[in-house]
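Participant: Provided below for reference: sequence and predicted model.
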Amino acid sequence: MALKIKPLSDRVLIEPAAAETKTASGIYIPETAKEKPQKGKVVAVGKGSKKHEMTVKVGDEVLYGKYAGTELKLEGKDYLIMREEDILAIV
Amino acid sequence: MALKIKPLSDRVLIEPAAAETKTASGIYIPETAKEKPQKGKVVAVGKGSKKHEMTVKVGDEVLYGKYAGTELKLEGKDYLIMREEDILAIV
Amino acid sequence: MALKIKPLSDRVLIEPAAAETKTASGIYIPETAKEKPQKGKVVAVGKGSKKHEMTVKVGDEVLYGKYAGTELKLEGKDYLIMREEDILAIV
Amino acid sequence: MALKIKPLSDRVLIEPAAAETKTASGIYIPETAKEKPQKGKVVAVGKGSKKHEMTVKVGDEVLYGKYAGTELKLEGKDYLIMREEDILAIV
Amino acid sequence: MALKIKPLSDRVLIEPAAAETKTASGIYIPETAKEKPQKGKVVAVGKGSKKHEMTVKVGDEVLYGKYAGTELKLEGKDYLIMREEDILAIV
Amino acid sequence: MALKIKPLSDRVLIEPAAAETKTASGIYIPETAKEKPQKGKVVAVGKGSKKHEMTVKVGDEVLYGKYAGTELKLEGKDYLIMREEDILAIV
Amino acid sequence: MALKIKPLSDRVLIEPAAAETKTASGIYIPETAKEKPQKGKVVAVGKGSKKHEMTVKVGDEVLYGKYAGTELKLEGKDYLIMREEDILAIV
């Protein structure tokens, strides 16, 4: 079921992956001192802005910084909304 | 009844939603540690600027950061005025 | 009587409204925790700059942030001079 | 007698008005809490820069912020040199 | 075996060199007070952005600042993801 | 004798005037609370940059802020090297 | 023998001069309170960027700020890698 939310500008809505699961591509979050990226799935993408053309698409699995984005709840599930700039990579 | 206020530049006037209501699209504000977005309805939109073309329209329901905007009272009701940049998504 | 003052660049000279009056359009300054806008009348407008085209005109009633602008006295009356960027809306 | 000084870029040389005089246009510096502008006469003007075209001319009476500019003494008199950006208005 | 990760924008995925090895080109990390660069091999490169065209290619050995990038683990190995701007040189 | 030094970009090499001399144009450094400009002679000028076209020429006497520039010694004499932006005026 | 290192973007690799030598052009590092420049020889130069065209060439003797750059060791010798912007002058 498609969500009715439309992120503004260069923002992306992400469904965070469950914290301990090992993904198909075998990505783990290491446990050392540096800030670690988190993983999630893109569920909605803004139209971009004059300064930023969007790269990620709905369905992409992405890595993003631990403190990136703002939490929100839609239809009872937790999501994160962040600027595409805060996404590190598509995995 | 239309309000006489005209937001300047890339600003948007928003009527905040009542704090505890569950919206039609089922959006809740989660209760965890991170900053949560707020929800409201766009009631007036500026003309934009050279650097920013406006996206939201009067009537849009939007999410915005908890500390975004400046409060003001018009015809006895509370509103928020903020830059469109502070709006996270249309819901 | 027209004032002889010519604001430079993107600046606007504003005659602040008396603090407690209720305006024709019924705007009040609410009394909560957030910073509230102030109201005043535009009495002189700069020519703008390469980066900023002016929107407000002499006679416009405007809202602006509480700490916006610099106070000055002309012909015995108090005024504020601020950048148009600091004006929130025309009411 | 013309001064030999040539302000660089978008700078302006100003002869500050004596602190207590009431000017022809009746401008006073109010005595409240906010920062007040000062008044002076433009005595030399830079050629501007790529980013800034000059507006003030030699002879203009101008208002500027209390802490704007750098003091210097020419032919025994005190002057201020500041960027035109720091000038609030021509009076 | 090629990794499935695709760094976003001007980001580069780097496999850090083991800390004490002496490389073919004889580069050592000196032991003085200043921040020292680290060495690694480029394993994936983003497509760049409007503001940044990419220079490094997969397989390049590069030097980067000690605190550059974000750690992540792929297929059980540690990597760093950073902006190309944080890479000092190709060696 | 010409110096062999070539300032880079928008930098200017200046020979500072002796601290207490009164110049031909009668400039003194006043002794009040604000930061005072210093005076010196331009001895070498960079070629400028894309963002900055040079104005001062070798031989110009200039005023500059008290803390502007970096000291260096050439052929046994003290000089200052600074960006042209830090020069206030040609006197 | 040419080094295999290729500085990225607008970076320059510099071989610092021995601290106490007096150079051919007679440059000394004065011993006063202000930050002093250091001297060295350019051994490798990046290709520049969209925003910065390179000026220095391999073999140039340059002055740079005391805290500019990052130290690295190549073939057993100490070098500094820094942005051309941090180079003050060619001597």
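Facilitator: Right, received. Where do you want to start? Numbering: from 1, shown residues only, chains lettered A, B, ... in the order given.

Participant: who are the contact partners of the nearest residue to A:R83 once chain neighbours are set aside?
Facilitator: Computed as CB to CB, 6 or more residues apart in numbering or on different chains, the closest residue to A:R83 that is not its neighbour in sequence is A:D10, at 5.3 Å. (Glycine included, C-beta is placed from N, CA and C.) Under the criterion of CB atoms under 8 Å, 6 or more residues apart in numbering or on different chains, the neighbours of A:D10 are A:46, A:48-49, A:51-52, A:54, A:83-85.

Participant: could you do A:G46 as well?
Facilitator: A:6-12, A:54, A:84, B:89.

Participant: quick check: the gap between it and D:L3.
Facilitator: 56 Å (CB to CB, to the nearest Å).

Participant: what about the contacts of A:G46, which are in strands?
Facilitator: Taking DSSP state E as the definition of strands, the contacts of A:G46 contribute A:6-7, A:11-12, B:89.

Participant: make CSV from those residues and add neighbour count, pLDDT and distance to D:K41 to it.
Facilitator: Putting the ones in strands among the contacts of A:G46 into CSV (neighbours: other CB atoms under 10 Å in any protein chain shown; pLDDT from 0 to 100; distance: CB to CB, whole Å) gives the following:
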residue, neighbour count, pLDDT, distance to D:K41
A:K6, 18, 96, 56
A:P7, 25, 97, 54
A:R11, 26, 97, 51
A:V12, 29, 98, 56
B:A89, 28, 96, 54
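
Participant: with those in mind, which one is nearest to chain C?
Facilitator: B:A89 (22.4 Å; CB to the nearest CB).

Participant: list the contacts for that closest one?
Facilitator: Applying CB under 8 Å, 6+ apart, the residues near B:A89 are A:5-8, A:11, A:13, A:44, A:46, A:81, B:37, B:62-63.

Participant: the bottom helix or strand of chain A by mean pLDDT?
Facilitator: strand A:27-28 (a mean of 55; mean pLDDT, DSSP states H and E).

Participant: who does the following helix or strand past that strand pair up with?
Facilitator: Using DSSP states H and E, the helix or strand that follows strand A:27-28 towards the C-terminus is strand A:37-45. Here strand A:37-45 has these sheet partners by DSSP bridges: strand A:11-16 (antiparallel), strand A:61-65 (antiparallel).

Participant: A:K41 contacts A:V12, correct?
Facilitator: No. Assessed by CB atoms under 8 Å, A:K41 is found out of contact with A:V12, at 10.6 Å.

Participant: what do the two both touch?
Facilitator: Common neighbours of A:K41 and A:V12 (CB under 8 Å, 6+ apart) are A:V62.

Participant: from the centroid of chain A, which residue is nearest?
Facilitator: A:I14 (3.7 Å; CA atoms, centre = their mean).

Participant: need the nearest residue in space to that one, chain neighbours excluded.
Facilitator: According to CB to CB, 6+ apart, the nearest residue to A:I14 is A:G40 (4.1 Å).

Participant: got any ranges where chain A has weak pLDDT?
Facilitator: Counting by pLDDT under 70, chain A has low-confidence residues at A:1-2, A:19-36.

Participant: and A:I81, bridged to which residues?
Facilitator: What pairs with A:I81, by the bridge criterion (DSSP bridges), is A:L13, A:T70.

Participant: separation between it and D:K47?
Facilitator: In terms of CB to CB, A:I81 sits 48 Å off from D:K47.

Participant: what does A:G69 give?
Facilitator: For A:G69, the distance to D:K47 - CB to CB - is 48 Å.

Participant: equivalent analysis for A:K6, please.
Facilitator: 49 Å.

Participant: over to A:L72?
Facilitator: 53 Å.

Participant: let me know the secondary structure of the closest residue to A:E53 other than its chain neighbours.
Facilitator: Nearest residue to A:E53 in three dimensions, chain neighbours excluded: E:K50, at 7.4 Å (CB to CB, 6+ apart). Classification of E:K50 using DSSP: H, G, I helix; E, B strand; the rest coil returns coil.

Participant: wait, A:V91 touches A:V56, no?
Facilitator: No. A:V91 is beyond contact range of A:V56, at 11.3 Å (criterion: CB under 8 Å).

Participant: need the residues touching each of these two.
Facilitator: By CB under 8 Å, 6+ apart, the residues touching both A:V91 and A:V56 are A:V62.

Participant: list the contacts of A:I90.
Facilitator: A:55-56, A:60-62, E:5-6, E:8.

Participant: from those, which would you call buried?
Facilitator: A:55-56, A:60-62, E:5-6, E:8 (16 or more other CB atoms under 10 Å in any protein chain shown).

Participant: surely A:K47 and A:E84 touch.
Facilitator: No. Using CB under 8 Å as the test, A:K47 is too far from A:E84 to be in contact (11.2 Å).

Participant: more neighbours: which of the two?
Facilitator: Remark: of A:K47 and A:E84, A:E84 carries more neighbours, 24 against 13, as counted by other CB atoms under 10 Å in any protein chain shown.

Participant: please report how far the more buried one lies from A:P7.
Facilitator: 9 Å.

Participant: how many residues are close by the residue in chain A that chain F sits nearest to?
Facilitator: When distances are taken as CB to the nearest CB, chain A reaches nearest to chain F at A:K51, 19.7 Å away. A:K51: 12 surrounding residues under other CB under 10 Å.

Participant: how close does the residue nearest to A:G46 when sequence neighbours are not counted get to chain E?
Facilitator: In space, A:G46 comes closest to A:P7 once its chain neighbours are excluded; the distance is 4.0 Å by CB to CB, 6+ apart. Per CB to the nearest CB, to the nearest Å, A:P7 is found 16 Å from chain E.

Participant: I'd say A:P7 and A:V45 touch.
Facilitator: Yes. A:P7 lies in contact with A:V45 (CB under 8 Å); the separation is 6.5 Å.
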